[in-house]
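Student: A structural model of the following input is requested.
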Amino acid sequence: MTTDPLSRSGLRPDQVPADFVVDQGFDRYSGADHGTWGRLYRRQHDLLQDRVCEPFFAGLTALGIAADAIPDFREINRVLKAATGWEVVAVPGLVPDRVFFTHLAARRFPAGFWIRRPEEFDYIEEPDIFHDIFGHVPLLMNRSYADFVAAYGAAGLRYADPADLARLARLYWYSVEFGLIETEAGLRIFGAGIASSPGETLYALESAKPNRIRFDPVRVMRTRYKIDDFQQSYFVLPGFEAMPDLAPEPLEQAMVQARALPDLEADAVIAGDRLVTADDRQRRPAA
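Tutor: Presented below is the predicted three-dimensional model:
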């Protein structure tokens, strides 16, 4: 396929709608495109065994996301909308923040429709359909996670100050993109940035290098992150029911606390941090 995602939509830049939503163009995927999807899917599906949270695999199954072909958004949406009110919309690449927040608040997940070239198999700079659909969409079948992502979109529309938006972005980064979660079977992945990356899948759970810190919204909002390397710190939720409350009052209370404190580097460990130890990471056999 073409290397330019926008050209797949059949639109010129001046023709992109204000909401950036375009047709997925499912019938235009080539056999090579479907083959790339299948290779990515099989590799990551196998690697995530005993490493990703169980609702992730449950979501893949329920939505019919499989190795045989790139998913058709229309088929996904029939199941997803009935379950949690969400739907996937195709966009030709990264969208402006306010467009992104607006979609999330309306329970529309903007997903890139293009798939990486073979020479980009192991690394791409901009999220493609594999990251967006395989990594993000399965957990939108989980009600607590789905409600949090919608609340995040609504929260983004309430704030305008760049510093506040940066703090809000850290909540998303360290949960939806790079979150870890405690389960009865041990520490597991739920962030899409980990779940769609073979290298970070192993690093996040098994490397001794990164910090693993119990999730606290104010602590997270103070913590910078890097976008061009594995994370130096991961934040660990005790369960999906503990996703941060982003309703206006509790979020503003947390924001006030974060504003009053200095930002922290991505690798910082401070007094009051509760670190997840090697024993916590250990996979425990099911009872």
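Student: Going by C-alpha atoms from here, please, whenever you check contacts or count neighbours.
Tutor: Noted.
Student: Would you mind writing the CA trace of whatever helix or strand residue 40 lives in as PDB?
Tutor: Assigning secondary structure by DSSP states H and E places residue 40 in helix 31-47. Output of helix 31-47 as PDB, limited to C-alpha atoms (Å, rounded to 0.1, in the frame of the first residue of the first chain):
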ATOM      1  CA  GLY A  31      -3.000  -9.400   0.600                       C
ATOM      2  CA  ALA A  32       0.400  -8.200   1.800                       C
ATOM      3  CA  ASP A  33      -1.400  -5.800   4.200                       C
ATOM      4  CA  HIS A  34      -3.400  -8.600   5.700                       C
ATOM      5  CA  GLY A  35      -0.300 -10.700   5.800                       C
ATOM      6  CA  THR A  36       1.600  -8.000   7.800                       C
ATOM      7  CA  TRP A  37      -1.400  -7.800  10.200                       C
ATOM      8  CA  GLY A  38      -1.300 -11.600  10.700                       C
ATOM      9  CA  ARG A  39       2.400 -11.700  11.400                       C
ATOM     10  CA  LEU A  40       2.100  -8.900  13.900                       C
ATOM     11  CA  TYR A  41      -0.900 -10.500  15.600                       C
ATOM     12  CA  ARG A  42       0.500 -14.000  15.900                       C
ATOM     13  CA  ARG A  43       3.800 -12.700  17.400                       C
ATOM     14  CA  GLN A  44       2.200 -10.400  19.900                       C
ATOM     15  CA  HIS A  45      -0.700 -12.700  20.800                       C
ATOM     16  CA  ASP A  46       1.800 -15.500  21.700                       C
ATOM     17  CA  LEU A  47       4.100 -13.100  23.600                       C
END
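Student: Just give me how far that helix sits from the chain centre.
Tutor: Averaging C-alpha coordinates over helix 31-47 and over its chain gives two centres that are 19 Å apart (Cα atoms, centre = their mean, to the nearest Å).
Student: Also stretch 108-115?
Tutor: If you compare the mean C-alpha spot of stretch 108-115 with that of the full chain, they lie 12 Å apart, counting by Cα atoms, centre = their mean.
Student: cool, stretch 47-57 as well?
Tutor: Distance of stretch 47-57 from the chain centroid (Cα atoms, centre = their mean) equals 14 Å.
Student: What's the end-to-end length of that stretch?
Tutor: Terminal residues of stretch 47-57 are spaced 12 Å apart (Cα to Cα, to the nearest Å).
Student: Check stretch 86-103 too.
Tutor: The straight-line separation of the ends of stretch 86-103 (Cα to Cα) is 10 Å.
Student: And that stretch, what's buried?
Tutor: Of the residues in stretch 86-103, those buried by neighbour count under the rule 16 or more other Cα atoms under 10 Å are 86-93, 95, 99-103.
Student: And these, which is closest to residue 44?
Tutor: The shortest approach to residue 44 among the buried residues of stretch 86-103 belongs to residue 88, at 21.4 Å (Cα to Cα).
Student: in which helix or strand would I find the closest one?
Tutor: Taking DSSP H and E as the definition, one finds residue 88 inside strand 87-91.
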